[in-house]
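In: I need the structure of the sequence given here:
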Amino acid sequence: MVGRAEELAALEGRLRDPGVRLLTLIGPAGVGKSRLAAAAAHAVTSPGAPPVPGDVFDAVRTPDPADPGSVADAVAELTRAPGRSLLVLDGCDHELRPSADAVAALLDGGPGITVLATALEPLGVYGEQLVPVAPLPVPRPADREDPHALARVASMELFLRRAAEARAGFALTEENAGDVADLCVLLEGLPLALELAAARCRSYPPRSLLSRIRRRPVALSGGPATAPERHRSLAALAAWGCHGLTQGQHALLRRLSVYEPGFGPVAFDRPDEEHLDALLDRGVLALVPDGRPGEPGYTVPEPYRSYGRDSLEAEGRLDTAADDHADRYARLVSAAAPRLGGTDQAHWLGVLAAETPNVLAALDRLCHRGDEGTAAATAVAFREVWLARGLLREGTARCDRLAQDGRGVPEATTARLIDLSGELAAARGDASEAVRRHRSALALCKRLGDRRQTALVTARLGAALLADGDAHGALAALEPSAATLESLGAAGPAARTAVPLAGALHALGRSRKARETLDRAREELRRLGDGRGLVEALARSAELSTGPERRGAADGFLREALSLCAETGELTLLPYVLELFALHVLDTSPAQQPRVVRLIAGAEGLRERLGTRAPEPRRAALREALDGLRARLGRTAFSTARAEGLTLDADAAVREALSAPAPARGSDDTPAAEKQSLTPRQIQVAMLVSEGLTNRQIAARLGLSEWTVVNHVRQVMRRLDCSSRVQVAWAIGKWA
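Out: Numbers count the residues shown, from 1 in each chain. Predicted coordinates for the structure are as follows:
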């Protein structure tokens, strides 16, 4: 019963309810329904004083469903028993499945009988209460950083117990932890699959076992000879789970077996809708909680996925199914691409991001069958997703391979591939490489005479030149490209081009013109609904909002940018915005020093996972800020805040940033300490208060009595009109 404590407690509570007459555990074969039912039956019939009289069962019977006589005898015996009794019908599947009328008649004829059934799908009796039983949780990426946390994941715990039974001395180590975690993920936490795999540890170390079964998990076998045949191998388990499906349901399941987990409605045709509910009820098709916007995501769980592929291969139809899959996703990406720059941007970014594993599989299939032209067009149309979701290395590798080796790729598409690879290089922080790639793409575009594409590539070249420190070259490229795009009616690209143009103007000392350019760009991008473009414009606006009088504006720009990152799922620009916001908070709210450390560390962790780096001037500013924070907070507090920040994912980092209090607004930004008369000693005490020291620590630092420090703190709070030490820290922080 590893990992089932909460489910067992909930099931026991429902069985104790006298109003529950029929409870059915449903779920895929091999998930552990029988064990859970047996444990629950034992719990509600164990001796001991129940909390409420009558909420335990006086008798329990578990007849063999394959023997009608056994079931009839058990029912007759329970009907005669006084008090409440429990009938456990385990394995109500296929030929052993009782009819709904028979179960209803049983309940009507024995008012004291409660039925606990296990089945692949509901029995369909009025009043039936369903308890879905899911596979065990599998390791998450965050769990892999802590071996102790990894060992506590339910699927890992079950695997480790069974592996230790198969091979004495087997234990989780730093060397095998990753492979064991990958096995649990591959087998999707299905208990029977985990037990079969763990039993093979007597012959194979985890890495070899993972390599052996990665391609065909359904090949696992070797269950106990005393177990039912369906529990002796995953192939038999899958066959049992699929038994009784109609021809149409079988055909749909086989076709869906080539899809990666998380696929959406793109996989289905209209005739498929009549089969969906049946496959979901049976557990051979499952919903995945992947945050897909407004529509469900599906998966064919193991071992049905491998079983379906084997069936397609045996019928000679695997290639046909793979080609159909690739064509569907090529059409989806092509249809979604025009909608990624307008008001539906967030929705379609979410749709394509959820489908990314299938899009990548489709690209592989298109290349495998020699259709590099369609693969290249699909990769280019996927541009916004490569950039927004931080798929920078993957996107670069795909673009390079298709541009270099793609026979049959039109020259215009090759130019777009090279240009896209330049954007991805710029997003990684490699500005010089981005310049080289954009220049190569620009030469192709000029030769082809494509005016619009030439302007787009020129604009991206200008942005890369700016990042590389060549403001004059950037301005020379950005101004004419912006004008050309405006003349061609390309409002969105023109507005995006205005953002680096403003940066070039600012770098050359034309700050007023830069702010005016940014103001127009923000207004246009907001009108168009281009959230990703607006994030960059807002962050650039915050960078240009220097001086005390514009701190409130910078705060507003950065908070809006953070909210848009959360809304659009933007990952590549998020570290940039977090870094700017951290420096902004440090400048305006010094009392938030631990939060600043967490935000900078969070941005660092995101960059490490994405493979990006900040420009050197910002890296220098961040290093200087961290050095000061380390000195002021002390090593322990600083290390704790940094460790907390490194564990933040994108959503948590945004929440951490937006929870920072907004700075007080007003025309007079003079710190309160400058407006009040403080003695030099009071200033010393106030500065130490802002560092978080206690009265006793301040007294030791300054060589004063603790009572003298208490009086100084009171005087400081009165003169600064503060009611707490935190307010003192905030009031003098900027001045200090």
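In: contact partners for Ala267?
Out: Shown in contact with Ala267 (CB atoms under 8 Å, 6 or more residues apart in numbering): 256, 259, 298, 325, 328. C-beta coordinates here come from the backbone N, C-alpha and C atoms, glycine included.
In: and the gap between Ala662 and Leu580?
Out: 15 Å (CB to CB, to the nearest Å).
In: and the two? Which one has more around it.
Out: Leu580 (24 against 13; other CB atoms under 10 Å).
In: surely the more buried one touches Asp555?
Out: No: Leu580 is beyond contact range of Asp555, at 10.7 Å (criterion: CB atoms under 8 Å).
In: quick one: buried residues of the lengthiest strand in the chain?
Out: As assigned by DSSP state E, the longest strand anywhere in the chain is strand 113-119. Buried positions in strand 113-119, judged by neighbour count with 16 or more other CB atoms under 10 Å: 113-119.
In: elements contacting that strand?
Out: strand 22-26, helix 33-45, helix 68-80, strand 85-89, helix 100-109 (3 or more CB pairs under 8 Å, 6 or more residues apart in numbering; DSSP states H and E).
In: ok, and what's touching the second one?
Out: With CB under 8 Å, 6+ apart as the test, helix 33-45 has contacts from 1, 4, 7-8, 11-12, 15-16, 25-27, 56-60, 62, 86, 88, 90-91, 116, 118-119, 133.
In: hmm, who's touching stretch 5-18?
Out: Applying CB under 8 Å, 6+ apart, the contact partners of stretch 5-18 are 1, 20, 23, 25, 36, 39-40, 43-44, 50, 52, 54-57, 84, 86, 114, 116, 129, 131, 133.
In: returning to what we had before: what is the nearest of the buried residues of strand 113-119 to Ala154?
Out: Nearest to Ala154, judged by CB to CB, of these is Thr118 at 19.7 Å.
In: can you pull up the bridge partners for the closest one?
Out: Leu25 (DSSP bridges).
In: return the residues in contact with it.
Out: Thr118 neighbours (CB under 8 Å, 6+ apart): 24-26, 33-34, 37, 89-92.
In: quick check, nearest of those to Gly342?
Out: Within those, the smallest distance to Gly342 is 43.1 Å, found for Ile26 (CB to CB).
In: quick one, what contacts Gly602?
Out: Contacts of Gly602 by CB under 8 Å, 6+ apart are 578, 645-646, 648, 652-653, 656.
In: switch to 6 Å and redo it
Out: 645, 648, 653 (CB atoms under 6 Å, 6 or more residues apart in numbering).
In: report how many residues lie close to the first one.
Out: Here the number of neighbours of Gly645 (other CB under 10 Å) works out to 25.
In: for Pro590, see how far away it is.
Out: Applying CB to CB to Gly645 and Pro590 gives a distance of 18 Å.
In: now swap in the second one and tell me
Out: Distance from Leu648 to Pro590, counting by CB to CB: 22 Å.
In: how about Ala225: what's its closest non-neighbour residue?
Out: Arg232 (7.7 Å; CB to CB, 6 or more residues apart in numbering).
In: for that neighbour, give me phi and psi.
Out: When read as degrees, to the nearest 10, the backbone of Arg232 gives phi -100, psi -10.
In: same thing with Ala286?
Out: Dihedral angles for Ala286 - degrees, to the nearest 10 - are phi -140, psi 160.
In: can you pull the contacts of it?
Out: By CB under 6 Å, 6+ apart, the neighbours of Ala286 are 299, 301.
In: on that earlier part again, would you turn the contacts of Ala267 into CSV with secondary structure and neighbour count?
Out: Shown next, in CSV, are those (DSSP: H, G, I helix; E, B strand; the rest coil; neighbours: other CB atoms under 10 Å):
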residue, secondary structure, neighbour count
Leu256, helix, 23
Tyr259, coil, 24
Tyr298, strand, 22
His325, helix, 22
Arg328, helix, 19
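In: ok, these vs Pro205, which is closest?
Out: Within those, proximity to Pro205 (CB to CB) peaks at Tyr259, which comes in at 31.6 Å.
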